[in-house]
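S.K.: generate a structure from the sequence data that follows.
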Amino acid sequence: MITVQQDAGSVKGSLDLLAQKWTIDPKLYDLQIGKRDDVTDTRVSVDGVIFHVPMLKRDSLYVLWKCLWPDCHNCCDRQGRLPLTKDDIRIIAKKLGYDSKPEFIRNETQISTWQEQETMGNLISTLTMISLKRKPEEKPEDDGKPISCRFLDDAGACKIHPDKPGVCWLYPFASWLEADNRGQPVVHATFQFTGDCPGYYLDSSLDSIMPVLQEYSAKIYAYNMAVSRTTRENYGAVDFVRS
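M.R.: Below is the predicted model of the structure:
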């Protein structure tokens, strides 16, 4: 299951920009622009989260990831949107010196609505959430466009860390909740390919990514529970449709 948040043309443009600084494996390039027809889904369950790891079947290679910070901070420099959970709103409002959450929401956020679709499945998610403005003068029409986050400093670090939005802790994973056959929620996660991250690599084994999945599983699980609370309390909405 591969999650794409941009059309193939936008991903290609981002990859071409990325290639000016980083070497991108041609197999990974073709995967991200949708030219591979042999991608299979490998499910790896780690501490309550089911990770969907792509595999290139003809090459018998898994698509894996590691963070290359501080040499790269594209996830902050080409940020598409920063949806906030209810917890994020409380924490970041305090961080920025607001005594009133409504005042923080009025001055520092806007409403975002977007879709995520699994290119190896038929699940389409439509999400509506309050998003933190990535620049003070951000307009609704900027939503989803790559913009350098205003909290990114010259060294590539976040100026509001560790109080940054929960979604920032998850990159490059996209995640969602689905009900199992007993009706119980199960957290799923997969990579999001926007063309902006040079950290993807290929390997014949999953061993090297297991510590990453173990590190991220707790963050991903907690974030999905926070999103669930946020939508239940009418701070946002998530709808799933199978096409």
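S.K.: wasn't Ile130 part of a strand?
M.R.: Yes. Counting by DSSP: H, G, I helix; E, B strand; the rest coil, Ile130 is located in a strand.
S.K.: surely it touches Arg90?
M.R.: No. Contact between Ile130 and Arg90 fails when scored by CB atoms under 8 Å: they sit 12.0 Å apart. Placement of C-beta: from N, CA and C, glycine included.
S.K.: looking at those two, which is more packed in?
M.R.: When neighbours are counted by other CB atoms under 10 Å, Ile130 and Arg90 differ, and Ile130 comes out ahead with 21 against 14.
S.K.: what residues does the more buried one make contact with?
M.R.: With contact taken as CB atoms under 8 Å, 6 or more residues apart in numbering, Ile130 is in contact with 83-84, 89, 105, 109-112, 235-236.
S.K.: sort out for me which of the residues you listed are in helices.
M.R.: For these, the ones inside helices are 89, 105, with DSSP state H as the criterion.
S.K.: by neighbours, which of the contacts of Ile130 wins?
M.R.: Tallying neighbours with other CB under 10 Å puts Leu84 at the head of those, with 28 neighbours.
S.K.: that one contacts Leu127, correct?
M.R.: No. Contact between Leu84 and Leu127 fails when scored by CB under 8 Å: they sit 11.9 Å apart.
S.K.: now pLDDT and distance to Ala179 too, for the contacts of Ile130, in JSON lines please.
M.R.: Below are the contacts of Ile130 laid out as JSON lines (pLDDT from 0 to 100; distance: CB to CB, whole Å):
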{"residue": "Pro83", "pLDDT": "95", "distance to Ala179": "22"}
{"residue": "Leu84", "pLDDT": "96", "distance to Ala179": "25"}
{"residue": "Ile89", "pLDDT": "97", "distance to Ala179": "27"}
{"residue": "Ile105", "pLDDT": "96", "distance to Ala179": "31"}
{"residue": "Thr109", "pLDDT": "97", "distance to Ala179": "30"}
{"residue": "Gln110", "pLDDT": "95", "distance to Ala179": "31"}
{"residue": "Ile111", "pLDDT": "94", "distance to Ala179": "27"}
{"residue": "Ser112", "pLDDT": "92", "distance to Ala179": "25"}
{"residue": "Tyr235", "pLDDT": "78", "distance to Ala179": "22"}
{"residue": "Gly236", "pLDDT": "70", "distance to Ala179": "19"}
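S.K.: how about the contacts of Ile130 in a markdown table, adding distance to Asn224?
M.R.: Conversion of the contacts of Ile130 to a markdown table gives the following (distance: CB to CB, whole Å):
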| residue | distance to Asn224 |
| --- | --- |
| Pro83 | 13 |
| Leu84 | 15 |
| Ile89 | 17 |
| Ile105 | 22 |
| Thr109 | 21 |
| Gln110 | 23 |
| Ile111 | 21 |
| Ser112 | 18 |
| Tyr235 | 15 |
| Gly236 | 13 |
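S.K.: list just the nearest of the contacts of Ile130 to Asp41.
M.R.: Closest approach between the contacts of Ile130 and Asp41, by CB to CB: Pro83, at 25.3 Å.
S.K.: for that closest one, list the residues it contacts.
M.R.: Pro83 makes contact with 112, 127, 129-131, 165, 167, 236, according to CB under 8 Å, 6+ apart.
S.K.: so what's the closest residue to it other than its chain neighbours up against?
M.R.: Spatial nearest neighbour of Pro83, chain neighbours left out: Met129 (3.8 Å); criterion: CB to CB, 6 or more residues apart in numbering. Contact criterion CB under 8 Å, 6+ apart gives 83-85, 111-112, 227, 230, 235-237 as the residues in contact with Met129.
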